[in-house]
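*Asks:* Just need the structure, nothing else, for what follows:
(chains A and B)
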Amino acid sequence: MSTMPLHTEFDSIEALGAALRQGKVSALELADSALDAIQAQSGLNAFLHVDAELTRAQARAADDLLGQGRGGSLTGIPIAHKDVFVTRGWRTTAASKMLADYTSPFDATVVSLLEQAGAVSLGKLNCDEFAMGSGNENSAFGPARNPWDADAVPGGSSGGSAAAVAAGLVMAATGTDTGGSVRQPAALCGVSGIKPTYGTVSRFGMVAFGSSLDQAGPLARHARDLLELLDPISAFDQRDATSLPDCDGAANQPGRVRAQFDAAVAAQQEGGAKPLQGLRIGVPAEFFNEGLSPEVAQAVEAALQTYESLGARRVEISLPRTRLSIPAYYVIAPAEASSNLSRYDGVRYGHRTASYGDLADMTSRSRAEGFGPEVLRRILVGTYVLCHGYYDAYYLQAQRIRRLIAQDFQQAFADHCDVIMGPVTPSVAKRIGENRDDPTADWLADVYTLGVSLAGLPAMSIPCGFSSSQKPLPIGLQLIGNYFREGQLLAIADRFQQATDWHQRKPEQQ
Amino acid sequence: MEWEIVIGLETHTQLATESKIFSSSSTRFGAAPNTQANEIDMALPGSLPVLNRGAVECAIRFGLAIGAHIAPRSVFARKNYFYPDLPKNYQISQFELPVVQGGSLRFFVGDQEHTVNLTRAHLEEDAGKSLHENFTGPHGESSTGIDLNRAGTPLLEIVSEPEMRSAAEAVAYARTLHGLVMWLGICDGNMQEGSFRCDANVSVRPKGQAEFGTRCEIKNLNSFRFLERAIQYEARRQIELIEDGGTVRQETRLYDADRDETRSMRSKEDSDDYRYFPDPDLPPLAITADWVERVRAELPELPGAKRQRFETELGLTAYDAAQLTMDRAYADYFEQAAAQLPQGQAKLAANWILGELSASLNRDETGIAQSRVAPASLAALIARIIDGTVSNKIARDVFAAMWAGEHDGDPDAIIEARGLKQISDSGAIGSMIDEVLAANPAIVEQYRAGKDKAFNSLVGQIMKAAKGKANPQQVNQLLKEKLG
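*Replies:* As a prediction, the model looks like this:
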């Protein structure tokens, strides 16, 4: 008996939504079949918390709306949330022992916006602890696995999100990207993912990691499905002081991204056989350095040629500080994390050690027990770089580099190109446990994604090929746009996906 | 050796906003523990701070009042340290770029005017409270509770330059500052509830020495008396320590009011490294010139301007004008009373308010806003002095009766009922004088021999005969005439 959920029979959220609105399928049927599949594929360890009754209640509510003809674009669509978005219904653990039993009294803004749009949540998805990691191996609840090869990592930190979409367990999932945590797992699992411009999607209710970098973004099979999730969550939120009321003249509200996407698609259609005529694609030399594996380089090269065949022009550009993004990021993100994670002290909620002496001892022991090694490592690094006497040399210096990196991107967009393309990762997914003895090896593999995060730019990853290994592993193409160009990016990705079928490949069921 | 004491004050003023500085929870005092703490105050995962612009407006008001620079761009920073009543384990404060920069405060010590420069004033959040006493845990064991009602209450920390040289000066500064923040309506000034509390940085140095001595910080002084005594004790301690050959260690100390001494809390060596860095959850605070001007337009007349006006327009002495403008309620009271008096008589109102009225308020431990004698009634009494109905001396008795609520505090009714009306009938006064002169020929003789004192003695006798009710000017005048 097939355990593939019903929704996998539909090519897009749009198609599934139409079937729901026409009564050809019910939200409850969809939810039940997805719940069954999640159970059948529990070996993937993509989900941390499933509550069938909560999900079914949402599905019934969706069916009621649909029955009244009041369904919206996401009504009844099965999705799931990375476990760093707080939810009233499901526990929120951030994949940490620290929050193993924590339930939030409120929903994250992203969660409520998607619920208001009618999406049905299947539960909470595995990830790296507090979103720190790039293989989902840092989860306190065991690694999620790559649907293409159970021995490979799904990427991280939104590994559960990418794995769930790739395995067809949900139509789409939410993720968060601090230094690549949406783009990198999307690439390694052969799905699409987008990190929007910093400030366009509310951080309220996201368990904070690096506040100046954290940004929510969806993962789905293709660009059009991403649009369906990104548009309703791109909205100013007065509960997040870094949320932007305005995006380059347009109000930050649902409809903005879709309007930009529609306009870009319409412009492409005027181009006929060369829909991307006039599009200048900047290709940074620094993204094709010695660290890049030949298979990834070839797949990206092929993708660029596809784009050229669609009328786009390729421009060699330089992002000279690309390598500096690694030390800058690994100073700023841990610095912010060390402070953000201070609240987990065992006093008000979360893990508290069983026996202790005084208050300080209680806090120290609770934290030492509650946090995993990578989280502790980053807290230590972050604490160190903020210390009196080191602050100028590390934190301030890193902030200067950050500004220069942002300037490099602005220069490229001003003088050379409309979009930047390159690889997402230097190589395909590694084996689970591969870098266990060298914890910072993973940090170096973030080289292509960190600069975008530091600059706050929108970027996405779309499937563009596979490795030649016995179990082929996906390869991603990164598309980087200028601020607030999410709609255009999605349209450019969509054009590629009309010309290729990488995003339609599905892993064999494990 | 002669020593000089050097004092700088850091004052935490709790801002009188309805809600907290980064959350919508109420700031009301005295609610049941943790009933005024939401997800932000409890630092639940995913919660984010959102700045209360009302608190910023308080800071702008203060900055304008002390002639400071209002920073068009200031930055919130995180001060990181672990403490159970600090839910995020960092305090959102301002570090490198505070909202209020510079400014100065003028005040009187006795009748001597002083000016102290301010370094800065910055916005920050208060912590919660640990409940150590009478607190039991879930299993009845003695435990420590945390009340987060106060967590996130907006504070304006006002930092002075180390320019004060005595405990009395520090107290006068603190009193003036206290009056000012209440005047501006940005703080309720309630010191028992901790709305206004001072940390005093105290050091000593040989008189004439340019460098400062090593300072100690005395934390959390919540009354002017404690402030004064703590500084006095601490200065004496440091002087004795140095004179005995010791050296002062830089440290934080606590004042124990019961023992009237300061005790070491922690030394600088084991103090925390607060790892300040700009809070990435809060964009830099931008204050436009428009905003500043809007706030300026809504400012009440400031104590300095009022003081000047009281001096030049109402003829008060600099000292009286300063006293009356320490507290807006006093100034308001004075203005209301003075408005009902003839031109040029405001000085009498000042004398009465700073004398009899203040004494009565102090005796009853009440504020002028709750005065049992209304400004209009005091003015009515003063009018009776001016028109000669009662003497100043008798007026004090009338005031006491007004204070006691006799005849609904109506001075005319009291004067009438008690028969205190001054004798201004020259015939009646004349016959009293005649009687006194007849009964005291010896004193009359001394006067005629050139002894001026004898005149006063005669006046005293006449007033005694009149039971104090004779109009003193008339007595003087008639007596002079009769003595030729």
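
*Asks:* So which bits of chain B are right by chain A?
*Replies:* B:39, B:42-51, B:78, B:80, B:82, B:84, B:87-90, B:144, B:146, B:273, B:275-277, B:280-283 (CB under 8 Å from any CB of the partner chain). Glycine gets a C-beta too; all of them are placed from N, C-alpha and C.

*Asks:* and with 6 Å instead?
*Replies:* B:39, B:43, B:45-46, B:48, B:50, B:78, B:80, B:82, B:84, B:88-90, B:273, B:275, B:277, B:280-282 (CB under 6 Å from any CB of the partner chain).

*Asks:* Please compute how far the top strand by length along chain B lies from its chain's middle.
*Replies:* Identified as the longest strand of chain B according to DSSP state E is strand B:112-125. Its chain's average C-alpha position is 15 Å from that of strand B:112-125, according to CA atoms, centre = their mean, to the nearest Å.

*Asks:* From B:Val56, how far out is B:Ala71?
*Replies:* 11 Å (CB to CB, to the nearest Å).

*Asks:* and residue 332, what helix or strand is that in?
*Replies:* Unless you meant another one, I'm taking chain A. Secondary structure from DSSP states H and E places A:Ile332 in helix A:325-340.

*Asks:* To clarify, I was referring to chain B.
*Replies:* Residue-wise, B:Asp332 maps onto helix B:328-339 under DSSP H and E.

*Asks:* Now the helix or strand just after that helix: buried residues?
*Replies:* Heading C-terminal from helix B:328-339, the first helix or strand you meet, by DSSP H and E, is helix B:346-352. Neighbour-count burial for helix B:346-352 flags B:Ala346, B:Lys347, B:Leu348, B:Ala349, B:Ala350, B:Trp352 (criterion: 16 or more other CB atoms under 10 Å in any protein chain shown).

*Asks:* Buried residues, the helix or strand just after helix B:346-352. List them.
*Replies:* Scanning forward in sequence from helix B:346-352 by DSSP H and E, the next helix or strand is helix B:358-364. Using 16+ other CB under 10 Å as the test for burial, helix B:358-364 gives B:Ser360, B:Leu361.

*Asks:* follow-up on the earlier one: what are the contacting residues of the helix or strand following the longest strand of chain B?
*Replies:* Beyond strand B:112-125 on the C-terminal side, the first helix or strand identified by DSSP H and E is strand B:129-131. Strand B:129-131 is contacted by residues B:Asp85, B:Thr144, B:Gly145, B:Asp147, B:Arg150 when judged by CB atoms under 6 Å, 6 or more residues apart in numbering or on different chains.

*Asks:* Tell me the bridge partners for the closest residue to chain A within the stretch 101-250 of chain B.
*Replies:* Ranked by CB to the nearest CB, the top residue of the stretch 101-250 of chain B for proximity to chain A is B:Ile146, at 6.8 Å. Bridge pairing for B:Ile146 (DSSP bridges) gives the partners B:Ser130.

*Asks:* so who does it touch?
*Replies:* By CB under 6 Å, 6+ apart, B:Ile146 lies in contact with B:Pro84, B:Asp85, B:Gly128.

*Asks:* what's the spacing between it and A:Met98?
*Replies:* Distance from B:Ile146 to A:Met98, by CB to CB: 19 Å.

*Asks:* Equivalent analysis for B:Gly409, please.
*Replies:* Relative to A:Met98, B:Gly409 is positioned 67 Å away (CB to CB).

*Asks:* Who has more neighbours out of these two?
*Replies:* Set side by side, B:Gly409 and A:Met98 show more neighbours around A:Met98, with 27 against 21, by other CB atoms under 10 Å in any protein chain shown.

*Asks:* wait, is that one part of a strand?
*Replies:* No. Read with DSSP: H, G, I helix; E, B strand; the rest coil, A:Met98 is helix and lies in no strand.
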